[in-house]
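[1] make a model of this:
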Amino acid sequence: MAEQKIVEQVFKMADKHVDELMTPRMDIVWLDVNESIKENAAVLKENLFNYYPVCEDSLDTILGIVRLKDILTHQLDNDGRFPDLR
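    You can find the predicted model right below:
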């Protein structure tokens with residue numbers, strides 16, 4: 001039964017338009033390695049997503065992706081210190 005559900009989901013996905021799946025560039029929430037820890041923490045607090053692009057100065061320079069779970073785990077393991085995003 002699980003295989004049938006997977007196939008059904010594939011066909012549902014095929015019926016969608018790309019604009020239903022993508023986030024407009026202006027709406028992307030990202031972390032900047034050149035911003036202060038306080039500013040990046042504020043971004044996380046205001047926007048509770050699971051994943052964030054990590055960029056340098058703009059979305060044109062994406063360095064990677066970070067999971068909120070990994071940031072919180074780092075803080076718990078390191079006396080509340082925010083991780084270095086580089």
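
[2] residues near Pro53, how many?
    15 (other Cβ atoms under 10 Å). Heads up, the C-betas are built off the backbone N, CA and C, glycines and all.

[3] helix/strand/coil for it?
    Following DSSP: H, G, I helix; E, B strand; the rest coil, the label given to Pro53 is strand.

[4] wait, it touches Ile28, no?
    Yes: counting by Cβ atoms under 8 Å, Pro53 touches Ile28, with 6.8 Å between them.

[5] need the overlap of contacts for the two.
    Leu59 (Cβ atoms under 8 Å, 6 or more residues apart in numbering).

[6] and the residue nearest to Leu68 when sequence neighbours are not counted, what does it touch?
    Nearest non-adjacent residue to Leu68, counting by Cβ to Cβ, 6 or more residues apart in numbering: Asn50, 5.7 Å away. Applying Cβ under 8 Å, 6+ apart to Asn50 gives the contacts 67-69.
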